[in-house]
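Novice: Quick one, what's the 3D model for this:
(one chain, ligands or ions: 2)
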Amino acid sequence: MARDTQGTPTRDATAEPTPDILSLLASDHAEVSAALDEYDDMGEDEDQASGRQELAQRICRMLTVHSTIEEEFFYPAARKAGVDPDLLDEASVEHASVKRLIKQIQESEPDDRLYDANVKVLGEYVRHHVEEEEGPLFDECRRTNMDLYGIVMPMATRRAELMQADASAGRGRGKRAGKKSTDATAPG
Ligand SMILES: [Fe+2]
Ligand SMILES: [Fe+2]
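Specialist: Residues are numbered from 1 along each chain as shown. Ligands and ions are numbered 1, 2, ... in the order given. Got it, this is the predicted structure:
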């Protein structure tokens with residue numbers, strides 16, 4: 001983004017508008033929701049098991065990166081801007097529930113009895129959480145004078161780092177085929 005002589009970002013009328021933090025988070029939400037819909041549409045046949053597991057693992061990794069950048073950048077910035085702390089506390093509790101399910105899914109196999117149930121309940125939790133974020137939470141962020149652009153770059157950089165770490169861990173997992181391993185970006 002261009003800056004004026006005081007270093008303040010300015011808008012170039014001919015440039016594409018820079019997406020704010022809420023738009024970037026919403027596009028992550030749309031991506032993960034589409035993957036969850038895709039999982040729901042997959043059959044439960046035995047021969048689809050590896051495809052289901054691959055997709056479920058991808059969903060878990062997307063959610064892990066997304067929740068990490070929210071916890072490291074978005075929620076603290078919203079709290080600092082005076083967004084209703086109850087909304088942020090509820091969001092953190094919801095993240096904790098999502099992380100528990102992610103861990104169970106990552107540590108199980110598609111032929112485990114509760115595998116599909118875990119992924120489906122994960123989808124229900126995530127859809128509810130997204131509704132809460134894009135509704136009351138984003139509304140609060142717009143209501144306060146939160147800087148919706150200041151954390152875009154550091155958050156994007158951190159996101160790229162996490163994706164890179166995940167890709168490296170994935171290559172490591174490939175080399176250790178047959179052995180169980182932990183995801184470098186898995187929530188603790
Ligand atoms: Fe989110
Ligand atoms: Fe969230």
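Novice: OK, contacts around Asn118?
Specialist: By CB atoms under 8 Å, 6 or more residues apart in numbering, Asn118 lies in contact with 101, 104-105, 108. Glycine gets a C-beta too; all of them are placed from N, C-alpha and C.
Novice: Which strand or helix spans it?
Specialist: According to DSSP states H and E, Asn118 maps onto helix 115-132.
Novice: what do you get for Arg113?
Specialist: For Arg113, there is no host helix or strand (DSSP H and E).
Novice: In space, not sequence, find me the middle residue of the protein.
Specialist: What sits nearest the mean C-alpha location of the chain, by CA atoms, centre = their mean, is His66, with 2.3 Å.
Novice: so when I look at that one, I'm seeing a strand, right?
Specialist: No. Applying DSSP: H, G, I helix; E, B strand; the rest coil, one finds His66 to be helix, outside a strand.
Novice: Relative to Asp45, how far out is it?
Specialist: According to CB to CB, to the nearest Å, His66 and Asp45 sit 30 Å apart.
Novice: pretty sure Ala30 belongs to a strand, no?
Specialist: No. Going by three-state DSSP, the assignment for Ala30 is helix, not a strand.
Novice: returning to what we had before: out of the contacts of Asn118, show me where the pLDDT dips lowest.
Specialist: For the contacts of Asn118, the least confident position by pLDDT is Ser108, scoring 94.
Novice: Pull the contacting residues for that residue.
Specialist: By CB under 8 Å, 6+ apart, the contact list for Ser108 reads 114-115, 118.
Novice: That one: which element?
Specialist: Ser108 belongs to no helix or strand when assigned by DSSP H and E.
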